[in-house]
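Okay, here's the prediction I keep looking at, along with the sequence it came from:
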Amino acid sequence: MLSRLLGGGNESRSISTQSLFALGDGFSVTTNSGTVITEKDSLKIEAVYACVRMISDSISTLPVDTFLRLDGTRRPFRPRPMWLDTPESGVTRIEHFQQVLVSLMLNGNSFTRIVRDDQGIAALVVLNPQKVECSRDRVTRRPIYVFESRDVILAEDMIHITELRLPGDMRGISRIDFMKENLGLAKALEEFAARFFGQGSSASGIIEFPGNLTREQAKDLVSGFEEGHKGLRRSHRPGVLFGGAKFTKTTVDNDSAQFLESRRFAVEEIARIFRVPPSMLGVTTPGAMSYASVEQNGIQYVTHTLRPYIEKIEEGYSRLLDGRAFMKFNVDGLLRGDQASRYTAFSTGLQSGFLSINDIHRLEDMAPVDGGDSYRVPLANVDINAANLAEMQSKAEIAQRLILTGFDPAEVLAAVGLPAIGHTGLPSSQLQQISTVAPLDPPSAYEVKSQNMDINLPQTVMNYTPPAINIPAPIINVPETVVRVNIPESKPTIRTVERDADGRILTITERVED
């Protein structure tokens, strides 16, 4: 029929064993354990149902939104698509993604049909994967989907998500099909437990009777024995055999067969198939908890179990948006941890400068505060806009050392890359204590006025009386000695101060008057 619709027979189609296996009892295959496993029947196994329910509920209930990435910045994509909140009439967003995940985990494929109208996307319908056939056009090699053997759906109108696809195949493989022997054993153990209690909680066996019995006598003997012991209420009633009959067990006791251990191991096998931590399925045996804390166990669950499904769904549904837009699930709620761990992480983000106070308030569903949108840096926890203060401080210290050493201030500022800054003309506090500055007239404390200095020292005359020395012979007459000390006359020094229009000191010159 598809060949007639496309015209020319340019389409090839194949029916996989997986699709036949998924149809039900008509094409079901009995496992070695004697049970029949189909996708629908697998949900009757407790561990399978728990895994499917846990993964689908964890992802479908996550917050989801659409975003637009511009110049490396993620911004909300608005208006928010209508199909994200109401994919289909009568189907909520949670129910829609739950169907997608159940289809993926059981069948290995999820088919979402895109229904369009003149206004765009009208609905998103999750199809039964057992009723969808995949094929490729032999000429264009474009995927073609046929639903219920009559509706032809092109690739642009279908979101096809696979869990694990073999090379060259269009359909993903079903874990239920590939692991049917493991699941069949788990189902057989459950059926055995039910029959064990339903048929009397006793082991099966044979009744040995000496002599020969007719068919009717043997039938009456078995019926009489079952009437007294078959059923849970009769399981502990004593039995009576007469005529030399003897009951011999032909099965192994549950304790000897390690019945409970086998059922527990079956649960662990199913947990491995779905990559769910055994502790989340109630397995409390030693070694089931691989991580020391519940928080780390949850992180491992999100990273290795949920993330592959989340990214596959995000990639498939992002095709419905603008080329720069994308859909994204928010998994922060699953990774929140305890309160102490969250607050420690928030403190690190706040001090490192990539989280603001209002960012943290939004994550904790708290009201924003005034001024809480500014980001801070580790240095003194200042505003991020003033993050260059540390660099300027280092440059200023270098400039100060160079200027105090005697280098030209203008050349120092240019060398260290600081802008030229006007100076008041006041000396530094090393030359004049700041306490001596008049508040109303600060320059007056440091003003150097021009003045003439004329220092005259009086002439000093020193007279010494010569001693009289009488020597009999010879007689030496020493003339009177006069010592005069002349101190040169000091010439006055004139100091001139040059100021600019603002009264700041430019130069100070000194000269000695001739």
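Arrived safely.

In the stretch 251-400 of the chain, where is pLDDT below threshold?
251-260, 262, 284-295, 333, 336-338, 365, 379-387 (pLDDT under 70).

Kindly recompute the last result at 50.
254, 256-257 (pLDDT under 50).

Which parts of it are helices?
Per DSSP state H, counting those that start in this stretch, the stretch 251-400 of the chain carries helices over the ranges 259-274, 294-301, 307-317, 339-352, 357-363, 389-405.

Tell me the helices and strands packed up against the third one.
Helices and strands touching helix 307-317, as assessed by 3 or more CB pairs under 8 Å, 6 or more residues apart in numbering; DSSP states H and E, comprise helix 46-60, helix 93-107, strand 158-162, strand 325-329. All C-beta atoms are positioned from the backbone trio N, CA, C, and that covers glycine.

ditto for the second one
When contacts are defined as 3+ CB pairs under 8 Å, 6+ apart, helix 294-301 packs onto no helix or strand at all.

Could you check how many residues crowd around the nearest residue to Ala186 once chain neighbours are set aside?
Once flanking residues are discounted, Ala186 sits nearest to Ala266: 3.9 Å by CB to CB, 6 or more residues apart in numbering. Neighbours of Ala266 under the rule other CB atoms under 10 Å: 21.

wait, isn't Ala266 in contact with Gly184?
No - with contact defined as CB atoms under 8 Å, Ala266 does not count as touching Gly184 (10.2 Å).

pLDDT on stretch 48-59, on average?
For stretch 48-59, mean pLDDT rounds to 92.

got the phi/psi numbers for Ala155?
phi -60, psi -40 (degrees, to the nearest 10).

can you start the count at 34 instead of 1 from here on
Shifting the count to begin at 34 puts that one at Ala188.

was I right about it contacting Arg175?
Yes - counting by CB under 8 Å, Ala188 does reach Arg175; the two are 5.5 Å apart.

These two: who's more crowded?
Taking other CB under 10 Å, Ala188 and Arg175 do not tie; Ala188 has more neighbours (14 against 11).

ok, the more buried one - contacts?
Taking CB atoms under 8 Å, 6 or more residues apart in numbering, we find Ala188 in contact with Arg175, Pro176, Ile177, Tyr178.

Filter the residues you listed down to just the ones in strands.
Pro176, Ile177, Tyr178 (DSSP state E).

Please identify which of those is nearest to Leu137.
Minimum distance to Leu137 across those is 16.3 Å, recorded for Tyr178 (CB to CB).

Poorly predicted segments of the stretch 434-547 of the chain, please.
Checking the stretch 434-547 of the chain against pLDDT under 50 turns up 481-486.

80 instead?
With pLDDT under 80 as the threshold, the stretch 434-547 of the chain has low-confidence stretches at 454-530, 532-547.

most neighbours, which of the ones in strands among the contacts of Ala188?
With neighbours taken as other CB under 10 Å, the top of those is Ile177, carrying 22 neighbours.

and the residue nearest to that residue when sequence neighbours are not counted, bridged to which residues?
Counting by CB to CB, 6+ apart, the nearest residue to Ile177 once its immediate chain neighbours are dropped is Ser168, at 5.0 Å. Per DSSP bridges, the residues bridged to Ser168 are Arg46, Ile177.

isn't Ser168 right up against Asp202?
No - with contact defined as CB under 8 Å, Ser168 does not count as touching Asp202 (11.9 Å).

So those two - more neighbours on which side?
Ser168 (18 against 14).

ok, now how distant is that one from Thr526?
111 Å (CB to CB, to the nearest Å).

Tell me if I'm right that Cys84 and Phe307 touch.
Yes - between Cys84 and Phe307 there is a contact under CB under 8 Å: 3.8 Å.

More neighbours: these two, which one.
Of the pair Cys84 and Phe307, Cys84 is the one with more neighbours under other CB under 10 Å, namely 22 against 18.

who touches the more buried one in this structure?
Taking CB under 8 Å, 6+ apart, we find Cys84 in contact with Met138, Ile303, Ala304, Ile306, Phe307, Val309, Leu314.

could the residues you listed go into a markdown table alongside distance to Pro96?
Formatted as a markdown table, the contacts of Cys84 follow (distance: CB to CB, whole Å):
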| residue | distance to Pro96 |
| --- | --- |
| Met138 | 22 |
| Ile303 | 29 |
| Ala304 | 27 |
| Ile306 | 29 |
| Phe307 | 24 |
| Val309 | 22 |
| Leu314 | 26 |
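
now for the residues you listed, which pair is the farthest apart?
Largest separation among these by CB to CB: Met138 and Leu314, giving 14.7 Å.

ok, those two, which is more surrounded?
Met138 (23 against 19).

Please name the spatially closest residue to the more buried one (chain neighbours excluded).
Val85 (5.3 Å).

And Arg113, by the same measure?
Thr99 (6.3 Å).

who's in contact with that neighbour?
Counted by CB under 8 Å, 6+ apart, Thr99 has contacts Pro109, Phe110, Arg113, Pro114, Leu117, Leu354, Ala358, Phe359, Met360, Lys361.

And Arg340, by the same measure?
Val364.

mind checking how far it is from Ser143?
To Ser143, Arg340 is 17 Å away according to CB to CB.

Which positions within stretch 527-547 qualify as buried?
Residues of stretch 527-547 classed as buried by neighbour count (16 or more other CB atoms under 10 Å): Ile538.

let me redo that: stretch 360-379
Within stretch 360-379, judged by 16+ other CB under 10 Å, the buried ones are Met360, Lys361, Phe362, Val364, Leu367, Gly370, Ala378, Phe379.

Make TSV from those residues and add distance to Glu531 to it.
TSV is the format used below for those (distance: CB to CB, whole Å):
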residue	distance to Glu531
Met360	75
Lys361	71
Phe362	75
Val364	73
Leu367	76
Gly370	71
Ala378	64
Phe379	61
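
Among the residues you listed, which one sits closest to Ala221?
The nearest one, if we look at these relative to Ala221 and count by CB to CB, is Leu367, at 35.2 Å.

my read: that closest one touches Ile343, true?
No - judged on CB under 8 Å, Leu367 makes no contact with Ile343 at a distance of 10.4 Å.

any residues in contact with both of these two?
By CB under 8 Å, 6+ apart, the residues touching both Leu367 and Ile343 are Leu95.
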